[in-house]
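Participant: My questions concern the predicted model and sequence given below.
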Amino acid sequence: MKEKYIVKLEPEDEYTHVPDESLNYNESMYFNLFDHKQRIGGWFRLGNRPNEGYAEMTCCLYLPDGKVGFMFRRPSIIDNNSFDAGGMVFEVVDPFKRLKIDYKGKVLVLDEPQQMMNPKEAFKSNPTVDCEVSLDIMGKSPMFGGETLKKDGSSMDIDPEKSFSKAHYEQHISGEGSIKVGGKEFFIKGLGLRDKSWGPRYWQALEWYRWLTININKEIGFMFSIVHQGKGIERRGGLVFIDNKYQIIRDCDIQTIYDENDCQTSLNAWAKTDQGEYEVEGHILSLIPLRNRRTNPEGESLTTRIAEGMTEYTYKGISGYGMSEYLDQIIDGKPVGI
């Protein structure tokens, strides 16, 4: 059967786009990076919502001894001309090859990151300190993804109320630079993954997903994705990075052990590509539970939880690092995907 769509990605897509008319138009860029020797790192996200007049800015740092430095803000923006909000700036130096991350602001330092189950209490009971981040990011893999279009090149028909994005791409990366938290400075050199999305987005558009981003070393990496859209619709896929190429994951499975708060503590992941099968084990080193809340047009309060875990992964006896990101809608006080 012939495919009824095409995927387009151009160097210009690294920059911001003209927003469509959807109130919930989102254009976001995300990076994670981990220093394997020091076992520290973090992730950084800017999501412009120009039609709603604000951006979502997140800085999350996994520090020694299980501590997490965290900050989330919704700074006002008036357009979608750049990724520059809330003290965070993303710069495209050379599309697909080199980017820069800079942040100057504050982070909340949590000795016990799961205190973010109650954000108001967490911000009251933990110190907020100055933070500066300066990182150079280099692409080390091909690009994967882009904008999905109809066969004739026209845009897909999307219901903004049920959309998570109309375009999305990912890339394994390397990076180096400095992170200052309070009076401490860390110089890091590591590996990670980045992505970019644009189009209408509500965090409540999906019932749940499991997203694993993994770098075993410079030569081997993975991305596992299981997305449950509701009504029995599920997508399983991802990438294996090996021999400087991507193998497409045709099927995958993730088995997870959870703690008393329904947060992931360890996992086993399996994937099948056209070239073979792969198994990866994961042990969560430090996890922070985050949430997004929205009231829908019917006046119903909706809550989404996103459990963000720095994870040590093992493949064929070799250890590496990355993220396990578990998103769930909260129904009757419980994550729906567990």
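Facilitator: Looks like it came in fine.
Participant: Parallel or antiparallel, which strands does the helix or strand where residue 236 lies pair with?
Facilitator: Element membership of residue 236, judged by DSSP states H and E, is strand 233-242. Looking at strand 233-242 with DSSP bridges, its partner strands are strand 221-230 (antiparallel), strand 245-258 (antiparallel).
Participant: Using the record's assignment, carve this structure into domains.
Facilitator: 1-7+20-202, 203-338 (automatic domain parsing).
Participant: how about these in CSV, adding mean neighbour count, distance to residue 14 and mean pLDDT?
Facilitator: Backbone N, C-alpha and C define where each C-beta goes, glycine included. Shown next, in CSV, are the domains of the chain (neighbours: other Cβ atoms under 10 Å; distance: least, Cβ to Cβ, whole Å; pLDDT from 0 to 100):
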stretch, mean neighbour count, distance to residue 14, mean pLDDT
domain 1-7+20-202, 18, 4, 95
domain 203-338, 17, 18, 96
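Participant: export those to JSON lines and tack on distance to residue 13?
Facilitator: What follows is the domains of the chain, written out as JSON lines (distance: least, Cβ to Cβ, whole Å):
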{"stretch": "domain 1-7+20-202", "distance to residue 13": "7"}
{"stretch": "domain 203-338", "distance to residue 13": "18"}
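Participant: Now the element after the longest strand seen in the chain, going C-ward?
Facilitator: Secondary structure of the chain per DSSP state E: the longest strand is strand 277-295. Per DSSP H and E, the first helix or strand lying C-terminal to strand 277-295 is strand 301-315.
Participant: Show me where the stretch 1-150 of the chain has its strands.
Facilitator: Taking DSSP state E, counting those that start in this stretch, the strands of the stretch 1-150 of the chain run over residues 5-8, 25-35, 40-49, 54-62, 68-73, 83-85, 88-94, 98-110, 128-139, 144-150.
Participant: With distance to residue 314 added, can I get those strands in TSV?
Facilitator: Converted to TSV, these look like this (distance: least, Cβ to Cβ, whole Å):
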stretch	distance to residue 314
strand 5-8	32
strand 25-35	15
strand 40-49	17
strand 54-62	18
strand 68-73	23
strand 83-85	34
strand 88-94	31
strand 98-110	27
strand 128-139	25
strand 144-150	24
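Participant: quick one: which of these is nearest residue 211?
Facilitator: Of all the strands of the stretch 1-150 of the chain, strand 25-35 sits nearest to residue 211, with 10.6 Å by Cβ to Cβ.
Participant: The closest one vs strand 128-139, what angle?
Facilitator: Relative orientation of strand 25-35 versus strand 128-139 (axes from the mean of the first three to the mean of the last three Cα atoms, to 10 degrees): 90 degrees.
Participant: packing partners for strand 25-35?
Facilitator: Judged by 3 or more Cβ pairs under 8 Å, 6 or more residues apart in numbering; DSSP states H and E, strand 25-35 is in contact with strand 40-49, strand 128-139, strand 167-181, strand 184-200, strand 318-331.
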